[in-house]
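**Q** just the structure for this:
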Amino acid sequence: MATTKITVKSRSYAKILLHTAKYPHCKVDGLLVGKLSNNGRDALATDAIPLFHVGHGLTPMLEMALSQVEAFAESQKLSIVGYYQANEQLSESHSPDAFAIKIADKILNCNKFCSLMMVDNSKVSLSCQEDALICYNNAEGKWKKDSQYSLERSKETLSTLAKLMTDKAYKNLKDFDNHLDDISADWTNTDINKEIAKAM
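**A** Coordinates of the predicted model:
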């Protein structure tokens, strides 16, 4: 089913960009969780779950992460509604690669909804003046760039993110790779969520 529109809330956007900032030399990715509406054709991405900065392509790790995030989402009465990826080089295309497409296809097949969000590295900066996300949705079996995406309260969100970047909040962000190294690392990032809420 093709999506109609995805709206990304401030917390989700901030965590995607903080993940990108923490590992500027790496490809990073993660999942978007949120609520579906309009008979499952629209989504509100309320949170982002950072997955990997080194573990790309490792199927057992990916399956474990997807399973745990799905269980977490269900406990919050939410669904996995998207996947995000930032490539490692500034000069790299922000088009989805084969790995991104494979995961997005898997989410779409399981949940009947998925938006694939790519980070435009050329728009990532400490000043956070521009929305750095590019949305792709599946139409007739192919992932195509889609303008039916919005960043909630965009000016306030970008201003908040600039403050978080200046304060180096990204140092405290944990992804699933960190959790695999240290099981006490909180990949839901409860503390980061509080920092974002306080900064808004």
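
**Q** what residue of this structure is the furthest out?
**A** The centre of the chain is farthest from one residue, residue 140, which by Cα atoms, centre = their mean lies 23.5 Å away.

**Q** any idea how far residue 176 is from that one?
**A** Using Cβ to Cβ, to the nearest Å, residue 140 is found at 32 Å from residue 176. Using the backbone N, CA and C atoms, a C-beta is placed for each residue, glycine as well.

**Q** can you pull up the most central residue in the chain?
**A** Short answer for the chain (Cα atoms, centre = their mean): residue 84, at 4.1 Å.

**Q** which residue is the nearest non-sequential neighbour of that one?
**A** Excluding the flanking residues, the one nearest residue 84 by Cβ to Cβ, 6 or more residues apart in numbering is residue 117, at 4.2 Å.

**Q** pretty sure the one you found sits against residue 16.
**A** Yes - the criterion here is Cβ atoms under 8 Å, and residue 117 meets it with residue 16 at 7.2 Å.

**Q** who has more neighbours out of the two?
**A** Higher neighbour count among residue 117 and residue 16: residue 117, with 29 against 26, using other Cβ atoms under 10 Å.

**Q** for residue 42, grab the count of nearby residues.
**A** Residue 42, neighbours per other Cβ under 10 Å, totals 17.

**Q** equivalent analysis for residue 24, please.
**A** Neighbours of residue 24 (other Cβ under 10 Å): 13.

**Q** now do the one 3 residues further on
**A** Residue 27 is surrounded by 19 other residues when neighbours are defined as other Cβ under 10 Å.

**Q** all helices of the chain, in order?
**A** With DSSP state H as the criterion, the chain has helices at 10-22, 59-75, 98-111, 154-166, 176-181, 190-199.
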